[in-house]
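1. after the sequence you'll find the predicted model.
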Amino acid sequence: MTRASEASASSAASTVEGDLVIAATLTKRFGVREVLSEAHIRVRPGTVHALVGENGAGKSTLVKIIAGVVRADAGDLTVRGRAVDVTTWERRGARAAGIGLVQQHGASAGTLTVVENAMLGVEPTRGPLLAFDRPAAELAKRGREVGLAIDPHARAEDLPLGAAQRAEIVAALYHGATLLVLDEPTAVLAPVEVAGLLGALKELAAQGATIIIVTHKLDEVKSVADDVTVLRDGKTVATFRASDAPLDVGAIARAMVGEDTPTMTPPRAVPSTAPEVLAVAIAPVSAGRTKGAPSAGRAWGASDADVARDSAHGQDMLVVVRGELVGVAGVDGNGQRELARAIAGLDRQRIVRIGGVDATKWSTAKRLTAGLAYVPEDRLHGGLVLDGTVAENLALGRTDVTGRWRIDRAAVRRHAVQRIAELDIRPADSDAIVRGLSGGNQQKVVIGRELSRPNLRAVVAAQPTRGVDLGAVARIHERLRAAAGAGAGVLVISADLDELLVLCHRVVVMLRGELVGELGGDELRAPEARARLGALMTGAT
Amino acid sequence: MILRVTEQGRAQLQAAAIAILASIAIGSVMMLVVGVPPGTVWWAMLERTTSDPYTLGQVLYKATGLALCGLSVGLALDAGLFNIGAEGQLTAGVLACALMGTALPGDTPSFIAVPLCLFAAALAGGLVGAAIGALRAYRGAHEVITSIMLNAIVAALALWVGNAFLFQGGTTRGADIVKGAELPHLPFAGSAVNGTLIMALGLVALLTWLRSSTTWGQMWRAVGRDPDAARSVGIAVPRVQTIVMAAAGALAGLAAANFVLGHKHAFEEGLGRGTGFLGISAALLGRTHPVGIGIAALLLGLLSAGGLAVADLVPKELTEMLQGVVVLAVAAAGPWVARHPRAAPKDPVGQRAGKARAA
């Protein structure tokens, strides 16, 4: 066990408090949601400090506060031994204190060159004219020194993401940053670029700079980090130090996802003979035929249907059978969203079968009529018409409720009253405007509309309980189980392992657009299931 | 059931009322600046327009065209599209309507001639609208840009057709349409108000019903309020956008009847000019509800015709400025109502009105 307990971490810190680059204990609320509650981090000089945690753990908020981009509500922040007021700490002060911030998607003006971006606001002049030659040369030199090659005269928008990121790092160093904060820098990079970046970060640290890197990829943590701080639900739950003992990625993964096993009643087993109700290809059809590339292996005269059938062969299909609840676990942004949209027909890049019939070319409307229900991942953008009433939203697109042409208001109201009772939607008023409902009740409206479709065969629920209070979670889980019990196949996509563990017969894990593992049956009920899933999700194996 | 006042409805009424009150206040200040007592002017405007059947008829004539163009803009707004092209669609309608009216044999009975002319007007406007809608839905070209460009193209095209083929002997007026295609004037002391008013009222009722009581209305409003949500419940968003813009174009095209069939009985250069743009004001002030648009058209018509009636008291330009003030007021009132506690919905109309100013 390399876990440094909280107490020992702080006592160790207090002895060298003055040496720390950053010592912070921070609290931050967005609205009623507490994203950081006394989360703390202590960064030693000349180290690469990894800040890890699941989505929504508060990692980004924490580093943004340190970099002066977001303001904390309360807490202590000490920068190089100097205490600062967290309620007034802002970017300018942070920059003056040598804190450079490199954001995931960069912050460059696309039409300007690298050097112009770097000198934005502090443009060098010779007389009345701009003079970029000297800073350009200096930037290139600084880049070479730290092993990050850049072309100062390239236009930012022409650069690949990796090169743009390098340019920002070098610009930050050029401006005297001695603490570099990188917010999920590798999420947008190709593997070879990741290796290059991590190498450069190590080199920088060796030269005396301090790095904070936000990530949830534990293989990267293992290869680069000296210290690790783990956040969960806005709290610091563990810290690790590579100099004490080699980093144990298993322990880090467990700290990220939590160890408490939820109480659960395992779902009833599904007979092995149950027929397939939903199948989706993991890889898009067009993956083999990228833009501009010759359609490799495609015979002249082969129709699209042939290609579709060919690529269906030997392709990874995720199959859900009647009555089955299948979970898709994974850190956000690993292809789950695309998978859900493909099943719903919002893009038609993947082979999809609904009820055993090829639905790849069907419109969304046709898929829904064929017995699909789709709970989109973001209820506020895609699940609901916020300015509509509860009744309107419950009947949205449901011609089976409203009637084909003329809206049957009595039927719409009846439908609404039933769903409101079934899911305990509050206020229990079918005329309430959805915008005014709490997140949990809004989500119940989406669930109510989708799971009440007639002849339901397959359900795709993406993040069905994200940002939802516990009472609503229970109701929503109950409805998902009921749907499966009534014979639908249910696919639950979630970043929340607790949810998948209580709900599903089988959980698959997505990482970088691929299925990297699967746990089912007894394996899923075993105490170490959570750690195994956590390891798969973060690529720590 | 059609005129239920919901929570949203109340907010819309509030916004319109605030806009009107603000406009009256600003108008009064403007009158004070030019040195006339506002009370006298407002009273004179009301009194002269309502007591004199001819002026009242002129108000209704103006309001008819405004209502149809307002319905066009309002329908598009309902579906999340800003149809700034009602002007061009109206011009296309005027041209097509007049061409059909002159091309028919002289003895065509009116039960054939009128529908044919209306069809031609709706078709021409509808085609312009459909082009805008399809460009937006399938090619992502912003409808405000394409609308403005098409306005210019249609105006130039109409003028060229007029110059090349229609205008008679040095005038800017084409040949008369056949007798059978003329719509009767309504009995308002020889004023221009005509049968088109009845059609406009019918369309207000029809659109109100479609909007609130049919799956079609539900669909286009869902597309307008949240296209992503519409897509995920299986609504074919691009198709709805195209059809709605075609219908909006047809409504603006139908306004041609007011000018060609009902009043001038010929193609004239500049006929109905400005009605399409002022229709935007009617739609915004009417908060996209067909009945609201009808009332707003009446108010704007009153302002427009009433402005002439009080031209001896205040300059005509002042009442024209006032029409602009109304739009600014309604654009400001929408978000204001949305921000204040008693009114719930965040409303797209105010924001879009903001865009209108930018454009």
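-> Thanks, I have the structure now. Numbering: from 1, shown residues only, chains lettered A, B, ... in the order given.
2. secondary structure class for the closest residue to A:L500 other than its chain neighbours?
-> Leaving aside its sequence neighbours, A:L500 sits nearest to A:G327 (C-beta to C-beta, 6 or more residues apart in numbering or on different chains; 3.5 Å). Placement of C-beta: from N, CA and C, glycine included. Following DSSP: H, G, I helix; E, B strand; the rest coil, the label given to A:G327 is strand.
3. and what of B:V223?
-> Using three-state DSSP, the structure places B:V223 in helix.
4. may I see the buried residues of stretch A:155-163?
-> Residues of stretch A:155-163 classed as buried: A:155-156, A:159, A:161-163 (neighbour count, 16 or more other C-beta atoms under 10 Å in any protein chain shown).
5. got the end-to-end distance for that stretch?
-> For stretch A:155-163, the first-to-last residue distance is 11 Å (C-alpha to C-alpha, to the nearest Å).
6. got phi/psi on the closest residue to chain B within chain A?
-> In chain A, the residue that lies nearest chain B is A:G397 (3.0 Å; C-beta to the nearest C-beta). Main-chain torsions, A:G397, degrees, to the nearest 10: phi 70, psi 0.
7. wait, doesn't it sit right on B:I235?
-> Yes. Between A:G397 and B:I235 a contact is recorded at 5.8 Å, counting by C-beta atoms under 8 Å.
8. compare the two (neighbour count), which wins?
-> Under the criterion of other C-beta atoms under 10 Å in any protein chain shown, the comparison of A:G397 against B:I235 puts A:G397 first, with 24 against 21.
9. where does the stretch 101-250 of chain A have low pLDDT?
-> A:104-107, A:188, A:190-191 (pLDDT under 70).
10. which parts of it are helices?
-> Taking DSSP state H, counting those that start in this stretch as the criterion, the stretch 101-250 of chain A carries its helices at A:114-118, A:133-146, A:161-174, A:191-206, A:218-224, A:249-257.
11. winner for burial among those helices?
-> Among the helices of the stretch 101-250 of chain A, ranked by average contacts under mean count of other C-beta atoms under 10 Å in any protein chain shown, first place goes to helix A:114-118 (a mean of 24).
12. contacts for it?
-> Here helix A:114-118 makes contact (C-beta atoms under 8 Å, 6 or more residues apart in numbering or on different chains) with A:108-109, A:132, A:135-136, A:139, A:150-154, A:156, A:159, A:167, A:170-171, A:174-175.
13. again, but for stretch B:224-236
-> Contact partners of stretch B:224-236, identified using C-beta under 8 Å, 6+ apart, comprise A:344, A:346, A:363-369, A:374, A:376, A:381-388, A:396-398, A:449, B:77-81, B:219, B:222-223, B:237, B:240, B:348.
14. quick one: buried residues of that stretch?
-> Using 16+ other C-beta under 10 Å as the test for burial, stretch B:224-236 gives B:224-236.
15. for stretch A:231-249, same thing?
-> In terms of neighbour count (16+ other C-beta under 10 Å), stretch A:231-249 has its buried residues at A:231-242, A:247-249.
16. quick one: it to chain centroid distance?
-> Here stretch A:231-249 is found 21 Å from its chain centre; the criterion is C-alpha atoms, centre = their mean, to the nearest Å.
17. what about it, start to end distance?
-> For stretch A:231-249, the first-to-last residue distance is 15 Å (C-alpha to C-alpha).
18. right, and A:P284 touches A:R348 too?
-> No. Taking C-beta under 8 Å as the definition, A:P284 is not a contact partner of A:R348, at 9.5 Å.
19. between these two, what contacts are shared?
-> Taking C-beta under 8 Å, 6+ apart as the criterion, A:P284 and A:R348 both touch A:A342.
20. re the thing from before, list just the one of the helices of the stretch 101-250 of chain A that sits closest to B:A25.
-> helix A:114-118 (48.8 Å; C-beta to C-beta).
21. mind exporting the C-alpha coordinates of that closest one to PDB?
-> This file holds the C-alpha atoms of helix A:114-118, laid out as PDB (Å, rounded to 0.1, in the frame of the first residue of the first chain):
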ATOM      1  CA  VAL A 114       2.300  30.900 -33.000                       C
ATOM      2  CA  VAL A 115       4.500  33.900 -32.100                       C
ATOM      3  CA  GLU A 116       1.700  36.400 -32.500                       C
ATOM      4  CA  ASN A 117      -0.500  34.300 -30.200                       C
ATOM      5  CA  ALA A 118       2.400  34.100 -27.700                       C
END
